[in-house]
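okay, sequence plus prediction incoming.
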Amino acid sequence: MKTLAIDTSTYALSIGLADGEILLAEQVTNVKKNHSVRVMPAIESLMKEVDLGPADLEKIVVANGPGSYTGVRIGVTIAKTLGWTLNIPVAAVSSLAALAASAPVTGGLVCPIFDARRGQVFTGLYRLVNGTVQTVIADQNILATAWCKQLLQQEETVLFVGQDSHMHEKAIMEEMGDAAVFAGAAVPYARPAALLALGKKLETDPAEVVPNYARLAEAEAKWIEANEKKAAGRE
């Protein structure tokens, strides 16, 4: 099955192509540029490189968040549009799971980190076992210090991955000490190959694929807060 993978949930733009178990090509560009004008040209270029056309695709795998709100929306929208247009299924995969799956470990705990500002992170906890990725603690948005307290309850060493992990390294080390290790530049972002592997057994109708933001956008949160105050004032 010829499959296209798309991940725009962070600054890194990741595109991959596979034919069954064979990885045909993958491309990652890690620059602060607008994904909306880069994704389709990147897809077209990579497909041309391996002599594939749109009609050859049989499935789309997309990272549906959490991460950048705009980035997640762009990736999911493009995946859904391609799925509808080509009449092929779309698989939605956690952006954090894909990052965890990119770690070169077996049997250990892996913690992917995306910065969520104000001391918060988008994160989850995964165990990599014999090529599979098992969820230990589900993806969430949480204060980094509070998250570390949860991780210490595992009583195991945790490998932190993702280029944003360095932003919280000091706070994590203060809370966890030797229980925390960092992959650093070795695992800065999710590899398209990892996304393809996670999406291999998943598929759904494109209409059912939705972004997972893990929290409300700031504007939405303020709107809800304002309306709750109004309602309280009327009571």
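Nice, thanks for sending it over.

longest strand in this structure, by residue count?
Using DSSP state E, we find that the single longest strand of the chain is strand 132-143.

mind giving me the packing neighbours of the helix or strand hosting Lys48?
Using DSSP states H and E, Lys48 falls within helix 39-49. With contacts taken as 3 or more C-beta pairs under 8 Å, 6 or more residues apart in numbering; DSSP states H and E, helix 39-49 sits against strand 2-7, strand 12-19, strand 22-30, helix 69-86. (Each C-beta comes from the backbone N, C-alpha and C, glycine too.)

so which of the ones you listed is the most packed in?
Highest mean neighbour count among the helices and strands packed on helix 39-49 (mean count of other C-beta atoms under 10 Å): strand 2-7, with a mean of 26.

just send the helices and strands packed on helix 39-49 back as JSON lines, with mean pLDDT too.
JSON lines is the format used below for the helices and strands packed on helix 39-49 (pLDDT from 0 to 100):
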{"stretch": "strand 2-7", "mean pLDDT": "98"}
{"stretch": "strand 12-19", "mean pLDDT": "97"}
{"stretch": "strand 22-30", "mean pLDDT": "95"}
{"stretch": "helix 69-86", "mean pLDDT": "96"}
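
got those as CSV, with distance to Ala92 columns?
Shown next, in CSV, are the helices and strands packed on helix 39-49 (distance: least, C-beta to C-beta, whole Å):
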stretch, distance to Ala92
strand 2-7, 11
strand 12-19, 15
strand 22-30, 19
helix 69-86, 8
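
which one of those lies closest to Arg127?
Proximity to Arg127 (C-beta to C-beta) singles out strand 2-7 among the helices and strands packed on helix 39-49, at 21.7 Å.

what angle do the closest one and strand 22-30 make?
20 degrees (axes from the mean of the first three to the mean of the last three C-alpha atoms, to 10 degrees).

which other residues reach strand 2-7?
Strand 2-7 has contacts (C-beta atoms under 8 Å, 6 or more residues apart in numbering) with 13-19, 26, 39, 43, 47, 52, 56-63, 75, 78-79, 82, 95, 98, 190, 192, 195-196, 199-200.

where does this protein have low pLDDT?
Along the chain, the model assigns pLDDT under 70 to residues 215-235.

quick one on the thing from earlier: who does the longest strand of the chain pair up with?
strand 120-129 (antiparallel) (DSSP bridges).

from the chain's centroid, how far away is the partner strand?
11 Å (C-alpha atoms, centre = their mean, to the nearest Å).

now do the contacts for the residue positioned nearest the centre of the chain.
Nearest to the geometric centre of the chain sits Ser95, at 1.2 Å (C-alpha atoms, centre = their mean). For Ser95, the contact set (C-beta under 8 Å, 6+ apart) comprises Asp7, Ser9, Thr10, Ala63, Asn64, Gly65, Pro66, Gly67, Val72, Phe114, Ala190.

rerun that using 10 Å as the cut-off
Counting by C-beta atoms under 10 Å, 6 or more residues apart in numbering, Ser95 makes contact with 7-10, 14, 62-68, 71-72, 75, 112, 114, 122, 124, 139, 162, 189-190, 195, 212, 214.

next: Asn64.
6-7, 9, 72-73, 75-76, 79, 90-95, 209-213.

in stretch 33-53, what's buried?
By neighbour count on 16 or more other C-beta atoms under 10 Å, the buried set for stretch 33-53 is His35, Arg38, Val39, Ala42, Ile43, Leu46, Met47, Leu52.

then stretch 187-206?
Buried, per 16+ other C-beta under 10 Å, within stretch 187-206: 187-200, 203, 206.

what is the end-to-end distance of that stretch?
End-to-end span of stretch 187-206 (C-alpha to C-alpha, to the nearest Å): 30 Å.

next one: stretch 33-40
14 Å.

I am finished for the moment; much appreciated.
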